[in-house]
Structures are given as structure tokens and as C-alpha cells.
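Chemist: turn this into a model:
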Amino acid sequence: MILLDTHIWIWWIDQNQRLTNHQREILQNHESTGLGVNVISCWEVAKLVEYGRLQLICPVEEWMSSALAYPGIQLIELTPQIAIESTKLPGNFHRDPADQIIVATARVFDIPLMTVDGKILNYLHVRTLT
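Modeler: Here you go, the predicted model:
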């Protein structure tokens, strides 16, 4: 399994051209083993729509239902272990709680995180895929 950062999940579902061919190949290759999405990403999508920073082709409820049923997608709940890990990330990580939870999820499950977020890519205490 690999974990998808929120923007990667959105781009994958919406077939956005921002995904590189290499990223698409990685995602396709992991559909059978799992494309993890932390539940915090659901909240992030809803907030982006609420703030007008993300426009979907359908209502957010419909998009979310389809996006969670997409091949390979596995919803990862926010567990107490992930919540605690998000507050104890080693080194110097930024203060965005959603990013902290996503990084903590990758660390707790010991899986790579696919992202293009420079702050996460520069964080040495999580395995990433770009």
C-alpha cells in the first residue's frame, strides 16, 4: 500500500494533467495493493470546496462517494495511534495539522507517501514518492 496526499488523490480521481506519467504508473501499479487515503483528506477536500479553492464537477457528497469507491482506494481512519504520532513527529515539521496526520499515517503504517508538497518532500522522517 501507498498513502496518497490529498492533492494526489484529487488529481488521480479527476484525471488531472498535473500527475506525471510516472506518477500515474505508480498509482496503477498499486491499485491491487492499495491506495491509502486518510480520512483527514476527506475533510480537506470538503474544506477546499467550502472555501472555493476547489471546484468539482459534481456536488462534494457525490464526488466523495465516487472517490472512495475508486479502484484501489482504501480509507484509513484516524486512530489514537496516528493522532498521537502526529504530535510527536521527529525533527522540525510544519504546523499544518492535516499534513501532520497524513505524515503520521505513513509513519505508523510504514508505507510511502505520494506527494508533491515540498514541505513534506523535504521532511527526512517519512518515505515519499513523487
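Chemist: what about Gly91, distance to Leu54?
Modeler: 30 Å (Cβ to Cβ, to the nearest Å). Glycine gets a C-beta too; all of them are placed from N, C-alpha and C.
Chemist: so for those two, which sits in the more crowded spot?
Modeler: Under the neighbour definition other Cβ atoms under 10 Å, Gly91 and Leu54 were set side by side, and Leu54 has more, 18 against 8.
Chemist: local confidence estimate at the residue nearest to the more buried one when sequence neighbours are not counted?
Modeler: Spatial nearest neighbour of Leu54, excluding adjacent residues (Cβ to Cβ, 6 or more residues apart in numbering): Leu48 at 3.6 Å. On pLDDT, Leu48 comes in at 98.
Chemist: what's the answer for Thr6, then?
Modeler: Reported pLDDT for Thr6: 98.
Chemist: touching, it and Val45? I think so.
Modeler: Yes. Between Thr6 and Val45 there is a contact at 6.6 Å, judged by Cβ atoms under 8 Å.
Chemist: now find how far off-centre stretch 39-50 is within its chain.
Modeler: Distance, stretch centre to chain centre, for stretch 39-50: 11 Å (Cα atoms, centre = their mean, to the nearest Å).
Chemist: buried ones in that stretch, by neighbour count?
Modeler: Neighbour-count burial for stretch 39-50 flags 39-42, 44-45, 48-49 (criterion: 16 or more other Cβ atoms under 10 Å).
Chemist: give me the contacts around it.
Modeler: Under the contact criterion Cβ atoms under 8 Å, 6 or more residues apart in numbering, stretch 39-50 has outside partners 4-6, 9-10, 54-56, 60, 63-64, 67-68, 75-78, 98, 101-102.
Chemist: OK, contacts around the most far-flung residue of the chain relative to its centre?
Modeler: No residue in the chain sits farther from the centre than Gly91, which is 21.2 Å out by Cα atoms, centre = their mean. For Gly91, the contacting residues are 123-125, by Cβ under 8 Å, 6+ apart.
Chemist: quick one, helices of this protein?
Modeler: Assigned by DSSP state H, the helices in the chain fall at 6-13, 21-30, 39-50, 60-68, 80-86, 97-109, 118-121.
Chemist: and those helices: which comes nearest Leu129?
Modeler: Closest of the helices of the chain to Leu129 is helix 21-30, at 6.0 Å (criterion: Cβ to Cβ).
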